[in-house]
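Chemist: Build me a structure from this.
(2 chains)
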Amino acid sequence: MLSFLIRRILQTIPTVLAVVLLVFVLFSVVPGSIVSTMSDDSDPQVELRMKKQLGLDQPVYMRFGVYVARLATGDLGASFRTREPVTTMIAKRAWPTLQLIFASMAFAVLLGVPLGFIAALRPGSLVDTVSMVLAVSGLSLAKFWLGLLLMYLFALRLGWLPSFGYGDGSLKYLILPAVTLGVSPMALLARTTRAAVLEIMTADFVRTARSKGMSETRVVKWHVMRNALVLILTTMGLQFGALMGQAVVVEKLFSWPGIGSLLVDSVLQRGIPAVQGSILVVVLFFLAINLLIDVLYGVIDPRIRYA
Amino acid sequence: MFRTIAIVAGLGLALTATAEAQTPRKGGTIRMTAPYGSSFTSLDIHTTQRAQDEIYAKALHRSLYIWNSAEGKPVLELAKEDVVSGGGLVHTFKLRDDAYFHNGRKMTADDVVWSYNRIMDGTKAYPGARYVRVIEGAAAVEKGQAKEISGLKKIDDFTIEMKLTEKVDPGFYFFTALTSIYPADEAAKESFIQKPIGLGPFKFVEHVPGSRIVLERWDRFYKPGKPYADKVIVSIMAEAAARDVAFRNKEIDTSVLGPAQYVAYQSDAALKGTIVEVAEVFTRYMGMNPSFKPFADKRVRQAINYAIDTDLIINKLVKGKAYRATSWLPLTSPAYDKAMKPYPYDPAKAKQLLSEAGYPNGFEFEWTTSQNESWGLPIVTAVIPMLDKVGIKAKVKQVETAVLAEVVRTGDYQAFIYSQQSGPDPLAALKCFHSSTPQPACNYMNYKNADFDKIIDEAGQVDDPAKRTQLLQKANALLDDEAPVWFFNYNKAVMAVQPWLKGVQLNATELTHQNVEDLWVDETSPAK
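Modeler: Reported below is the predicted structural model:
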């Protein structure tokens, strides 16, 4: 298991380096500068002095070298505008983002997986049809529209929940953004689970188990569910990455203090260190989740550890 | 006097009038919104010129002057007295001796000197430098040629002497939060950006990045009995639809309205009375590059002004949330000439002018635009068929706002559409068209006209305000005839205000920038 883990961690290094290089080069050539976003009326000499102080007068390859060297020590740089360390900026927003992502995924798993199972166990039934209509709708709904709809219903009409904000970080503020973000992965998980369970239900080993007289409950619990979990986990892993990206819309809509809004505003304000840092954190999170999923594969199916 | 042509719609007027008659209530929470982005850029207000950030800064910080919306001009704030000498160039300010920073220390002249020197640090490109540059010797500090501003001297703990480079009203230069006075000792510390300290009526409590800033009453604020409220919460709400729900749900006290919501609120009996509107000092226009041959000819530029049905666009596309522009200076400018008429929609006249200029079959140009709904792509898209009608073809080049800002400063365009501050100081606004003003400063069309320069120079020298206004009106009229831009509109800022929030000021420089100490909430506010 340890060698498996080490191998997987080593495999992530080229990915991280590629992302670091890509983001760095991209934001070195993109038009617009921090000076033009700071002032409509800056002296060209000031612009030069500022660029010199920030090291932006150096060639791209030299800047990249300095950046990577700092990165190796855990230094993500500092804001061009305020000189605030990027790690501090991200740290302030990391917890709300994690709250939102994990709550959305919890909603998606707790609703989507059982829904998929129930639909697969009664294919063609009313439950199956309704579940899949819900799943397709969930996948098709635009998050922005859904969020507004939920706000309208649960805040304005019913008065059960606040329509926006982080408040004291309590559950009542989290519910609407998490549900808005979680509906799409919930729908995808429901469909994936249904497809996986339907396929496994017709597999030879399931037929064998049934022919041995095993009860349907035991068949589903010990054979179907365990085997379907691999596909469900794969979907979950991929959805974590997608959620990080989609969270931007939800954070903005609900005034939720996450990394997504930091990323968007930093791009618009040409706060390049914050952009680079935010993307790197998102990528690392995605890789960490997928590493965890890989480890869980091994727990569910020991053959995968040695693959 | 600076005229504030502010229009308060429907019940809004009645509410304001009633508020003035009522005794302000102490206590309660004011819940404002910051609608211009998904974050505050920084808690160091010297580093950011975004309107978004000044919303909270008005509660936290104070400058030498403050904008008085009722009078429509800047008035002394941290200074009690301004004695002018040296032919109008030397200002001796007597500072308040009762202004305390939120750490309990009294403000002195050292803090003013330190703050202005900080703003001129040329390695940081602080946006407030454009204002402090008016002090003699400030530009040298910015360029690294001097360590301290030579024209700024501490006379004693509560007196400073400021020598200006030109005869201007310093109020227009030192009233925004960009020139806030910081505590010299505290602001130099790294912790300042996490927990800013100011001289404003409210002190910092909490910042949840991307969500809100919370401030609470500063008991040692220098204005007796103020502020009224115990607490101010500024929530970041970039999405108009989300603000709408929150406003209707009584979770926020103010909400800036876009064109679509403006129409919806006007037609809703329950919300109509909450609307407050003011003509802001921003002019929207299409700038034309004179180095692009057709635009070098005044007749072509005039033809464009005739070819566009501006009123139609304002009424149908902007939903009436703008005022038709007649030349550069906005409605709220003291030098605005209400006798002036805008270019009428006259395609035949446009065609005639194009023929006279040697373009009987029109020409083609590239039009750089952002996606902004009020002065960007939707407007360009509506104008293109109108220009096409007179033979002018426009190709759209779409860029993001940060890129557009760079494009206009570098002159890398044939035409662009933009929104530019055109007040409150009419002299400063028109100086943008003076040939000595560099393109990156604000002369984005690189406009040069000797007659215009002469009028502006003369206006800068005269002491008689009436004469100055007359000269500025003349310059504005000349600009209208020269048409370096398509004069589109002046922004009409619209905000919905809950009936329990009183004392809202019709601030023509930016409606969301409220002097928070004058706001109060009555007992019907649902906020604790």
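Chemist: Now do stretch A:214-226: distance to the chain's middle.
Modeler: Its chain's C-alpha centre and that of stretch A:214-226 lie 32 Å apart, by Cα atoms, centre = their mean, to the nearest Å.
Chemist: Going by neighbour count, which residues of that stretch are buried?
Modeler: A:214, A:219-220, A:223-225 (16 or more other Cβ atoms under 10 Å in any protein chain shown). No exception for glycine: its C-beta is placed from N, CA and C like everyone else's.
Chemist: again with stretch A:153-173
Modeler: Those would be A:154-156, A:161-166, A:173, for stretch A:153-173 by 16+ other Cβ under 10 Å.
Chemist: now do stretch B:392-405
Modeler: For stretch B:392-405, by 16+ other Cβ under 10 Å, it's B:392, B:394, B:397, B:399, B:402-405.
Chemist: can you check stretch B:285-295 too?
Modeler: B:285-290, B:294-295.
Chemist: same check, this time on stretch B:301-321
Modeler: B:301-310, B:313-314, B:317-319, B:321.
Chemist: How about the residues of the stretch 301-450 of chain B by chain A?
Modeler: B:399-403, B:405-406, B:409, B:440-442 (Cβ under 8 Å from any Cβ of the partner chain).
Chemist: and which of the residues you listed is nearest B:Ser422?
Modeler: Of all those, B:Ser422 sits closest to B:Cys442, with 10.0 Å by Cβ to Cβ.
Chemist: give me every residue that touches the closest one.
Modeler: Residues in contact with B:Cys442 (Cβ atoms under 8 Å, 6 or more residues apart in numbering or on different chains) are A:40-41, B:420, B:432.
Chemist: in the stretch 251-400 of chain B, which spans are helices?
Modeler: B:259-266, B:269-272, B:293-296, B:298-307, B:310-312, B:347-356, B:377-389 (DSSP state H, counting those that start in this stretch).
Chemist: got it, and chain A?
Modeler: Secondary structure of chain A (DSSP state H): helices located at A:2-29, A:34-38, A:44-54, A:60-72, A:86-121, A:126-140, A:143-150, A:171-201, A:204-211, A:216-218, A:225-254, A:259-268, A:272-300.
Chemist: Run through the stretch 51-200 of chain B and note the low-pLDDT ranges.
Modeler: By pLDDT under 70, the stretch 51-200 of chain B has no low-scoring segment.
Chemist: Point out the residues in it that sit beside chain A.
Modeler: B:122-127, B:129-130, B:139, B:142-144, B:193.
Chemist: could those residues go into TSV alongside distance to B:Ala57?
Modeler: Below are those laid out as TSV (distance: Cβ to Cβ, whole Å):
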residue	distance to B:Ala57
B:Gly122	23
B:Thr123	23
B:Lys124	17
B:Ala125	18
B:Tyr126	14
B:Pro127	12
B:Ala129	17
B:Arg130	17
B:Ala139	25
B:Glu142	22
B:Lys143	27
B:Gly144	28
B:Ile193	13
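Chemist: Can you flag the buried ones in the residues you listed?
Modeler: By 16+ other Cβ under 10 Å, these give B:122, B:124-127, B:129-130, B:139, B:142, B:193 as buried.
Chemist: Now stretch A:210-218: average pLDDT?
Modeler: Mean pLDDT, stretch A:210-218: 87.
Chemist: Shouldn't B:Asp82 be within a strand?
Modeler: Yes. B:Asp82 sits within a strand when classified using DSSP: H, G, I helix; E, B strand; the rest coil.
Chemist: give me every residue that touches it.
Modeler: B:Asp82 touches B:76, B:91-94, B:170, counting by Cβ under 8 Å, 6+ apart.
Chemist: go on, A:Asp40?
Modeler: Taking Cβ under 8 Å, 6+ apart, one finds B:49, B:127, B:130, B:405, B:409, B:442 in contact with A:Asp40.
Chemist: Just the ones of those in helices?
Modeler: B:130, B:405, B:409.
Chemist: Am I right that the second one is in contact with A:Ser33?
Modeler: It stands for B:Ala405. No. Counting by Cβ atoms under 8 Å, B:Ala405 does not reach A:Ser33; the two are 9.3 Å apart.
Chemist: Any chance of the buried residues of stretch B:392-405 in CSV with pLDDT as columns?
Modeler: Supplementary listing: those in CSV, determined by pLDDT from 0 to 100:
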residue, pLDDT
B:Ile392, 98
B:Ala394, 98
B:Lys397, 97
B:Val399, 94
B:Ala402, 82
B:Val403, 89
B:Leu404, 93
B:Ala405, 88
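Chemist: Show me which pair in these is furthest apart.
Modeler: Most distant of those, by Cβ to Cβ, are B:Ile392 and B:Ala402, 28.5 Å apart.
Chemist: what's around residue 93, how many residues?
Modeler: If you meant another chain, say so; for now it's chain A. Close neighbours of A:Arg93, defined as other Cβ atoms under 10 Å in any protein chain shown, add up to 25.
Chemist: my bad, chain B
Modeler: 23.
Chemist: now do the one 5 residues further on
Modeler: B:Asp98 has 13 neighbouring residues, counting by other Cβ under 10 Å.
Chemist: so it touches B:Tyr222, yeah?
Modeler: Yes. Under the criterion of Cβ under 8 Å, B:Asp98 makes contact with B:Tyr222 at 4.6 Å.
Chemist: pLDDT wise, what is A:Ile307 at?
Modeler: To be clear, residue A:307 is Ala; Ile isn't right here. 52.
Chemist: Isn't A:Val220 up against A:Leu121?
Modeler: Yes. Under the criterion of Cβ under 8 Å, A:Val220 makes contact with A:Leu121 at 7.2 Å.
Chemist: Quick check: of the buried residues of stretch A:214-226, which lies closest to chain B?
Modeler: A:Met225 (39.4 Å; Cβ to the nearest Cβ).
Chemist: and the closest one, what does it touch?
Modeler: Contacts of A:Met225 (Cβ under 8 Å, 6+ apart): A:Phe117.
Chemist: ok, it to A:Pro114 distance?
Modeler: As judged by Cβ to Cβ, to the nearest Å, A:Met225 and A:Pro114 stand 11 Å apart.
Chemist: cool, B:Tyr444 as well?
Modeler: Distance from B:Tyr444 to A:Pro114, by Cβ to Cβ: 60 Å.
Chemist: rewinding a little: farthest-apart pair in the buried ones among the residues of the stretch 51-200 of chain B next to chain A, please.
Modeler: B:Ala139 and B:Ile193 (26.6 Å).
Chemist: if we can go back for a sec, which one among the contacts of B:Asp82 gets closest to A:Ser266?
Modeler: Nearest member of those to A:Ser266, counting by Cβ to Cβ, is B:Pro170, at 34.9 Å.
Chemist: The closest residue to the closest one other than its chain neighbours: helix or strand, and which one exactly?
Modeler: In space, and not counting its chain neighbours, B:Pro170 is closest to B:His91: 5.7 Å by Cβ to Cβ, 6 or more residues apart in numbering or on different chains. Taking DSSP states H and E as the definition, one finds B:His91 inside strand B:90-95.
Chemist: cool, and B:Phe416?
Modeler: Applying DSSP H and E, one finds B:Phe416 within strand B:415-421.
Chemist: Tabulate the CA atom coordinates of that strand in CSV.
Modeler: Provided in CSV are the C-alpha atoms of strand B:415-421 (Å, rounded to 0.1, in the frame of the first residue of the first chain):
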residue,chain,number,x,y,z
ALA,B,415,-12.7,53.6,-31.5
PHE,B,416,-13.7,52.5,-28.1
ILE,B,417,-16.7,52.8,-25.8
TYR,B,418,-16.2,53.8,-22.2
SER,B,419,-17.5,55.4,-19.1
GLN,B,420,-15.3,58.1,-17.7
GLN,B,421,-15.5,60.3,-14.6
